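Peer 1: could you look at this predicted model? Sequence included:
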Amino acid sequence: MHLDVVDLKAFYYRTRLGRGAQSALQRRLREMWGDVSGLHVVGYGFAAPFLRPFLSEAERVMSFMPAPQGVMPWPPGLPNLSALVEETHWPVQASSIDRIVVAHGLETCERPRALLEEIWRVLAPGGRVIFIVPNRTGIWAQRDVTPFGYGRPYSFGQLDEQLRTHRFEPETHAAALYLPPSHKRWMLRMQASVERAGHRMRAHHVAGALVVEAVKQVHSLPRGLRREARRPISILSGLGVPQPKPEPGRAGRTAVDSR
């Protein structure tokens, strides 16, 4: 079940905890994608808070928001780049997107398999997708004071298995949101320092969010099989060359008769 876009917007743009989460997740994305110059980038779910750094680099950036969630204009103060879409039918051509960020989209989707198939369809061969999901073992998934307390939380192993089933190869694993989710001022003052320490120690089991980058797999036949396919088919070898059917009345004549 998707959260309402109003609640998601309020968390990320109007609370200090949400703005800190936005900053931490943006850093993880930039570490994975240092340069997106000339690429087409799409965010799905509620990925808008994490896409802003790409606006000045990518050739095109779009934010797709699922119909059950609702949509908001984005980015503020600029021409709108967001659109309301069906979860499993995106208004883009196959193999046309280079990078996709999925946040608050996979864990709340009622048909995650169909969503992954749609992501595979629109992603270019060798294209990359980042999934931001709640961590099953983290404190954030145990409390509903943030958007990470809703939907199906994942472990790295569970997410990797699901991605491989749908022709994605997970390559990079990271985590974020190491401070327990609290709006108390004294805890929020430690947000940046705790985030740096958790990332440095790779304390993934306590993080609130998992960040997994995967690449689209497009399998082709091995070269040996392609060469075999080009060889002449010999299944009819050994049969004689077809002869024309004799005309009526001449079936019994021999070469001597034709003189």
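Peer 2: Yes, it's here. Residues are numbered from 1 along each chain as shown.

Peer 1: grab the nearest non-local neighbour of the residue nearest in space to the middle of the chain.
Peer 2: When C-alpha atoms, centre = their mean is applied to the chain, the residue found nearest the centroid is Val129 (3.9 Å). Excluding the flanking residues, the one nearest Val129 by C-beta to C-beta, 6 or more residues apart in numbering is Ile100, at 4.2 Å. Glycine gets a C-beta too; all of them are placed from N, C-alpha and C.

Peer 1: my read: Cys109 touches Glu118, true?
Peer 2: No: with contact defined as C-beta atoms under 8 Å, Cys109 does not reach Glu118; the gap is 10.2 Å.

Peer 1: mind listing the shared neighbours of these two?
Peer 2: Residues touching both Cys109 and Glu118 by C-beta atoms under 8 Å, 6 or more residues apart in numbering: Glu87.

Peer 1: show me what counts as buried in stretch 107-118.
Peer 2: Residues of stretch 107-118 classed as buried by neighbour count (16 or more other C-beta atoms under 10 Å): 107-109, 112, 115-116, 118.

Peer 1: residues in contact with it?
Peer 2: Residues outside stretch 107-118 that contact it (C-beta under 8 Å, 6+ apart) are 1-3, 45, 66, 69, 87-90, 105-106, 133-134, 150-154, 162-163, 166, 168.

Peer 1: among those residues, which ones are buried?
Peer 2: 2-3, 45, 66, 69, 87-88, 90, 105-106, 133-134, 150-151, 153-154, 162-163, 166, 168.

Peer 1: out of these, which sit inside helices?
Peer 2: Among the buried ones among the contacts of stretch 107-118, the members found in helices (DSSP state H) are 162-163.

Peer 1: from the buried ones among the contacts of stretch 107-118, which ones fall inside strands?
Peer 2: Among these, the members found in strands (DSSP state E) are 45, 66, 133-134, 168.

Peer 1: now do Tyr12: how many residues are near it, please.
Peer 2: Neighbours of Tyr12 under the rule other C-beta atoms under 10 Å: 22.

Peer 1: now do the strands in the stretch 1-150 of the chain.
Peer 2: Under the criterion DSSP state E, counting those that start in this stretch, the stretch 1-150 of the chain carries strands at the ranges 40-45, 60-66, 82-85, 97-103, 123-134.

Peer 1: in a markdown table: those, plus distance to Thr172 and mean pLDDT.
Peer 2: Output for the strands of the stretch 1-150 of the chain, formatted as a markdown table (distance: least, C-beta to C-beta, whole Å; pLDDT from 0 to 100):
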| stretch | distance to Thr172 | mean pLDDT |
| --- | --- | --- |
| strand 40-45 | 17 | 98 |
| strand 60-66 | 21 | 98 |
| strand 82-85 | 26 | 97 |
| strand 97-103 | 13 | 98 |
| strand 123-134 | 8 | 97 |
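
Peer 1: of all those, which lies closest to Trp74?
Peer 2: With C-beta to C-beta as the criterion, Trp74 lies closest to strand 82-85 of those, at 4.2 Å.

Peer 1: got the buried residues for that closest one?
Peer 2: Judged by neighbour count using 16+ other C-beta under 10 Å, the buried positions of strand 82-85 are 82, 85.

Peer 1: same thing with stretch 161-176?
Peer 2: For stretch 161-176, burial by neighbour count (16+ other C-beta under 10 Å) applies to 162-163, 166-168, 170, 174-176.

Peer 1: thank you kindly, that will do.
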